[in-house]
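Colleague: sequence-free structure coming up:
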C-alpha cells in the first residue's frame, strides 16, 4: 500500500493527465478548469484508497467525481441575451487562466462577447462549449435591436453623442442602426472616439474637432476605459488620428 506522500504525488501526477491543472495545496487536492475549481481533502481520497487497496479504482472514482462537479457549473449560453462589447486590447490580460473569445475591431480595441446576466457580464471564453458562429450572429442581432439617438452636444458644433447612457454605447458604433444615423447626420467620413463603455463621440471629419474630442475624452469619468485615441473613418477605413 502507498504511503500518504507517495499516494498524493501519484494522484496529482495522474490527475494532470485529465485536467488542465491539478496540484496539492496544503491538505487539499485542487483541480482547476478554465471556469471553475474543485478542492478535496487528500485524507478523504486516501481513506477510500485504504478501504479498497485499489489505486486505479480510487483514481477513476475521483476523476468522475471531479468531472461531475466541474461540469455542473459549465457555462450555458443564452443566445437571447448575448451581446458584442468593445474593450481595450489589454482587457483581461491580467488573468492568464481565462482566455476570452475576441476579435480585432480597431488598432487598440477588440470585440468581446458577453452574456448580460443582470448586474454583471459573463464574457465568452474560447474554451466554452459554444457555437461561435451562432453566438456572433445572435449577439449582433441583439445589438441591432437597440435604439439610441445621436444628438448634438452643442447646436453650433457638428459633434454628437448618444442621448442615453448604457453599457453598450461604445459598441453601438458598429451596429447597422447607428451607422445609418451617422451616414444621415454626419456622412460616411467622420471622426469618433470611444473613451469608455458608456461614451461614444462622433463628429464631422474636420481637424478643428480633434482637440474638442480630446477634451471630451479627458473629461469622461467612466472607470470602464476603452481607448484614449481619436479615430477617423475615411473610405471605409479606420485610422488613429490622435492619441
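Modeller: Ah, there it is. Everything quoted here is computed from the prediction, not taken from an experiment.

Colleague: pLDDT below threshold where in this protein?
Modeller: Within the chain, the stretches with pLDDT under 70 are 34-36, 72-74, 94-98, 118-120, 243.

Colleague: Would you tell me which helix is longest in it?
Modeller: helix 55-72 (DSSP state H).

Colleague: Centre of the chain to it, how far?
Modeller: Mean-position distance between helix 55-72 and its chain equals 30 Å (CA atoms, centre = their mean, to the nearest Å).

Colleague: other SSEs contacting it?
Modeller: Counting contacts by 3 or more CB pairs under 8 Å, 6 or more residues apart in numbering; DSSP states H and E, helix 55-72 packs against helix 4-15, strand 28-32, strand 37-41, helix 42-52. For glycine as for every other residue, the C-beta is placed from the backbone atoms N, C-alpha and C.

Colleague: okay but residue 181 is in contact with residue 150, surely?
Modeller: Yes. Between residue 181 and residue 150 there is a contact under CB atoms under 8 Å: 4.9 Å.

Colleague: Compute the first-to-last residue distance for stretch 216-230.
Modeller: 11 Å (CA to CA, to the nearest Å).

Colleague: Same question for it: list its buried residues.
Modeller: For stretch 216-230, the neighbour count (16 or more other CB atoms under 10 Å) marks 216-217, 220, 225-230 as buried.

Colleague: And those residues, which two are furthest apart?
Modeller: Greatest spacing in the buried residues of stretch 216-230, by CB to CB: 225 and 230 (14.6 Å).

Colleague: Just the residues contacting the helix or strand hosting residue 110, thanks.
Modeller: Using DSSP states H and E, residue 110 falls within strand 109-116. Contact with strand 109-116 is made by 77-78, 81-89, 91-92, 100-105, 121-124, 135-136, 139, 171, 174, 194, 226-227, as judged by CB atoms under 8 Å, 6 or more residues apart in numbering.

Colleague: same thing with stretch 55-62?
Modeller: Contacts with stretch 55-62, where a contact means CB under 8 Å, 6+ apart, come from 2, 7, 10-11, 14-15, 29, 40, 45, 48-49, 52.
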